[in-house]
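In: After the sequence you'll find the predicted model.
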Amino acid sequence: MEAQLKRELETSMLKATGHSGAGCISEGQSYDTDNGRVFVKINHKSEAKRMFVGEMASLEAILQTNTVKVPKPVKVIDLDRGGAVFVMEHVDMRSLSKLSAQLGEHLADLHLHNQKQREKQSKEEQTVGKGSEVPVIDKFGFHVPTCCGYLPQNNDWQDDWVAFYAQQKLGQQLGMVENSYGDREARELWSHLQLKIPQLFADVTVVPALLHGDLWGGNVAECSDGPIIFDPATFYGHSEFEMGIAGMFGGFNKSFYTGYHGKIPKTPGFEKRQQLYELFHYLNHWNHFGGGYRGSSLRIMKDLVK
Ligand SMILES: Nc1ncnc2c1ncn2[C@@H]1O[C@H](COP(=O)(O)OP(=O)(O)O)[C@@H](O)[C@H]1O
Ligand SMILES: [Mg+2]
């Protein structure tokens, strides 16, 4: 792999630094090259390339907003012997502690970015009489599939958030549950829950927001110039979706939420929708890691259909 990496990165030097970082899905290692230090994620699964292409597109999109720090992506490389690697800027990181509030604020800035672009565009249209050059997104989805874990999410663009979330996020996960386990209880609960979802959105207007998409405590850190997030599974969706997994596995303290909600206050019905957004991740974990997540998935569905 190292010979191929040298060739693809056009570097004569390729020296392992000894820094490694294993996540839940891939292995990572840092190297010094002619062009600086890079962090290389390696995955030998056949779906690795698609997963890394989604991660690279996610980082590029977040980077463009200039709101929250992410590692700069460099390249996705297909390995000659199967699998793929993803090369990005190496960043010295430590656990998130003092910068929690700042992370909450930066994340809110990320979520508000598209809305601000939309407002800017409509002002320009009124004053100059022509459209802005800035890309403004008015749909839900993303231009490539992104993977929360290694399973690809259907990011096909759709106008309506409730339909997008019900069909493409929950529906896709429940389809996988059906294929793998044929779980009758899940199937029945889903047929009831589908009908209830629109009621949970009766009082909210959802503006497409660029999301990290997999924001649990293991995908955030702090570095010398502020908080940083990595390993995204980006798409344009409801900002509250981000708060689903953030709340499930811990890792975020009160000041993170104070920072975040100072810029994006909670709206009525938040807690119920948070459960609905957690459901996606429980189902996704069930599909990745097996039946240990069945109980939590069914419990949330039962709670929501009450
Ligand atoms: N750009 C980077 N520079 C240095 N270390 C990194 C970088 N990105 C990730 N890491 C380290 O690798 C670990 C796993 O990374 P992550 O991208 O979350 O992998 P996975 O997709 O397997 O979950 C992180 O917790 C962190 O310690
Ligand atoms: Mg990770």
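Out: Arrived safely. Ligands and ions are numbered 1, 2, ... in the order given.

In: Run through the residues of this structure sitting next to ligand 1.
Out: 21, 23-26, 28, 30, 39, 41, 71, 88-91, 93, 218-219, 230-231 (CB under 6 Å from any ligand atom). Glycine gets a C-beta too; all of them are placed from N, C-alpha and C.

In: Go ahead and build a ChimeraX selection from the buried members of those.
Out: Buried residues among these (16 or more other CB atoms under 10 Å), as a ChimeraX selection:
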select :25,26,28,30,39,41,71,88,90,91,93,219,230,231
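
In: Mind checking which of the residues of the chain next to ligand 1 land in strands?
Out: In this view, the residues of the chain next to ligand 1 that belong to strands under DSSP state E are 28, 30, 39, 41, 88-89.

In: residue contacts, the residue nearest the centre of the chain?
Out: What sits nearest the mean C-alpha location of the chain, by CA atoms, centre = their mean, is G213, with 1.9 Å. Contact analysis of G213 by CB atoms under 8 Å, 6 or more residues apart in numbering lists 58, 146, 148, 153, 232-235, 237, 241-242.

In: Spatially, and excluding backbone neighbours, which residue is closest to it.
Out: The spatially closest residue to G213, leaving aside those adjacent along the chain, is A233, at 3.7 Å (CB to CB, 6 or more residues apart in numbering).

In: quick one on the thing from earlier: pLDDT score for the residue nearest to the centre of the chain?
Out: Listed pLDDT for G213 reads 98.

In: Start and end of stretch 284-304, how far apart?
Out: One end of stretch 284-304 sits 18 Å from the other (CA to CA, to the nearest Å).

In: Contacts (any at all) between ligand 2 and that stretch?
Out: No. If you take CB under 5 Å from the ion as the test, stretch 284-304 misses ligand 2, and the best it gets is 12.5 Å.

In: what mean pLDDT would you report for that stretch?
Out: Across stretch 284-304, the per-residue pLDDT values average to 96.

In: Next, the contact list for the residue in the stretch 101-250 of the chain that ligand 2 sits nearest to, please.
Out: Nearest residue of the stretch 101-250 of the chain to ligand 2, counting by CB to the ion: D231, 3.7 Å away. D231 makes contacts with 23, 55, 214, 218-219, as judged by CB under 8 Å, 6+ apart.

In: try T17
Out: Counted by CB under 8 Å, 6+ apart, T17 has contacts 30-32, 37, 90.

In: I'd like to check what contacts stretch 28-41. Which residues are they?
Out: 5, 9-23, 26-27, 42, 52, 55, 71, 74, 85-91.

In: One more: stretch 216-229?
Out: With contact meaning CB under 8 Å, 6+ apart, stretch 216-229 is reached by 23-24, 62, 68-71, 91-100, 102-103, 106-107, 212, 215, 230-232, 245-246, 248-252.

In: my guess is the residue nearest to the centre of the chain is in a helix, correct?
Out: No. When classified by DSSP: H, G, I helix; E, B strand; the rest coil, G213 is found to be coil rather than part of a helix.

In: All good on my end, thank you.
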